[in-house]
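# below are the sequence and a predicted model; questions follow.
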Amino acid sequence: MPLPPRPAHSSLELIGNTPVVQLRHVVPDDCAQNFLKLESVNPTGSYKDRMAKSMVEEAEHRGDLKPGITVVEATGGSTGSSLAFVCAVKGYQFHVVSSNAFAVEKLRTMEAFGANIDLVQSPSGKITADLIPSMIRRAEDVAEGKNYYFTNQFKNRDALIGFEAIGQELRQQFPERIDAFCGAVGTAGMVMGPREFSKRSGPIRTLLFSSRHLHLQSPRVVLGPIMSGTSAVPPRFTRCVVALVSVPLLN
């Protein structure tokens with residue numbers, strides 16, 4: 001991979017423009033060409049850095065987020081780490097509503113970036129159907145205070161702006177043709193972002209990967225995948241625009 005032309009002035013400049021590598025030894029000989037886009041090279045090791053940066057910067061451009069305002073989000077995963085990182089670089093305080101049900105490593109990462117951790121307790125220590133809604137309500141309550149901005153990753157369309165860049169990069173990396181784009185689903189932003197871009201630049205078939213026991217909301221009506229650990233269809237998932245691929249869980 002060629003080196004950047006100059007040193008970055010900010011670590012935020014290192015988000016995106018991720019490299020692609022072809023899979024050669026773990027795929028059948030007679031299969032299509034398969035490539036991995038290495039989102040792990042983003043600063044926190046996650047493609048969620050793209051979403052965090054776009055949500056913060058779009059809010060800044062509108063004037064919704066200014067110096068002295070604290071960013072609020074409900075999350076237990078990589079979104080929290082990414083937002084904590086972006087806020088730390090930009091100088092914002094970050095108040096994250098999370099839970100003891102999530103991995104302690106995630107919570108420690110957010111804390112290492114300076115986040116204020118606000119835990120919603122799960123009596124069982126597990127993710128339940130009402131946990132995420134409870135976390136969102138807590139975040140909404142916090143954001144009602146003075147000088148808070150709730151990024152609200154589950155409904156914020158600014159997130160798609162960050163993820164659309166994946167589609168733009170793929171078009172540059174594969175100028176001749178892309179037959180299909182494959183991705184796993186959480187809030188569905190990473191899948192829908194490139195999909196929105198492909199609507200304007202040319203069709204790309206989208207394959208959505210979901211765990212076998214989560215991918216249907218109803219045995220009769222396919223609404224879409226179910227967010228891991230919840231009973232909700234991802235809020236940004238658009239029905240009938242993707243092919244659903246069930247992936248068995250590994251023991």
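Sure, I can see it.
# what residues does the residue nearest to residue 99 when sequence neighbours are not counted make contact with?
Once flanking residues are discounted, residue 99 sits nearest to residue 120: 4.8 Å by C-beta to C-beta, 6 or more residues apart in numbering. Every C-beta, even on glycine, is put in place using the N, C-alpha and C of the backbone. Contact analysis of residue 120 by C-beta atoms under 8 Å, 6 or more residues apart in numbering lists 97-99, 131, 134-135, 138.
# can you lay out these as TSV showing distance to residue 17, pLDDT and neighbour count?
Output for those, formatted as TSV (distance: C-beta to C-beta, whole Å; pLDDT from 0 to 100; neighbours: other C-beta atoms under 10 Å):
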residue	distance to residue 17	pLDDT	neighbour count
97	31	98	26
98	30	98	23
99	34	97	23
131	35	94	21
134	37	96	16
135	32	96	24
138	36	98	18
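# relative to residue 5, how far out is the residue nearest to residue 99?
45 Å (C-beta to C-beta, to the nearest Å).
# can you put the contacts of residue 120 in CSV and add distance to residue 18 and secondary structure?
Output for the contacts of residue 120, formatted as CSV (distance: C-beta to C-beta, whole Å; DSSP: H, G, I helix; E, B strand; the rest coil):
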residue, distance to residue 18, secondary structure
97, 29, strand
98, 27, strand
99, 30, strand
131, 32, helix
134, 34, helix
135, 29, helix
138, 33, helix
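# ok, the residues you listed vs residue 114, which is closest?
residue 98 (14.7 Å; C-beta to C-beta).
# now name the helix or strand holding residue 22.
strand 20-23 (DSSP states H and E).
# next SSE downstream of that strand?
strand 34-37.
# for the strand holding residue 22, name the packing helices and strands.
If contacts are counted by 3 or more C-beta pairs under 8 Å, 6 or more residues apart in numbering; DSSP states H and E, strand 20-23 sits against strand 34-37.
# hmm, who's touching the strand it packs on?
By C-beta under 8 Å, 6+ apart, strand 34-37 touches 18-23, 27, 166, 169-170, 174.
# of these, select the buried ones using a PyMOL command.
Restricted to buried positions by 16 or more other C-beta atoms under 10 Å, the PyMOL selection for those reads:
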select buried, resi 18+166+169+170
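# reformat the contacts of strand 34-37 as TSV; add distance to residue 92.
Converted to TSV, the contacts of strand 34-37 look like this (distance: C-beta to C-beta, whole Å):
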residue	distance to residue 92
18	25
19	30
20	32
21	34
22	39
23	39
27	43
166	25
169	27
170	31
174	36
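# return the member of the contacts of strand 34-37 nearest to residue 159.
Of all these, residue 159 sits closest to residue 166, with 12.0 Å by C-beta to C-beta.
# domain ranges for the chain?
11-46+157-216+234-244, 47-150 (the TED database).
# which residues touch the residue most central in space within the chain?
Among the residues of the chain, residue 48 comes closest to the average C-alpha position under C-alpha atoms, centre = their mean, at 4.0 Å. With contacts defined as C-beta under 8 Å, 6+ apart, the neighbours of residue 48 are 77-79, 81-82.
# can you rerun that using 6 Å?
78-79, 82 (C-beta atoms under 6 Å, 6 or more residues apart in numbering).
# can you give me the helices for the protein?
48-62, 78-90, 104-112, 131-143, 158-173, 189-201 (DSSP state H).
# give the rounded mean pLDDT of the fifth one.
Model confidence over helix 158-173, given as mean pLDDT, is 86.
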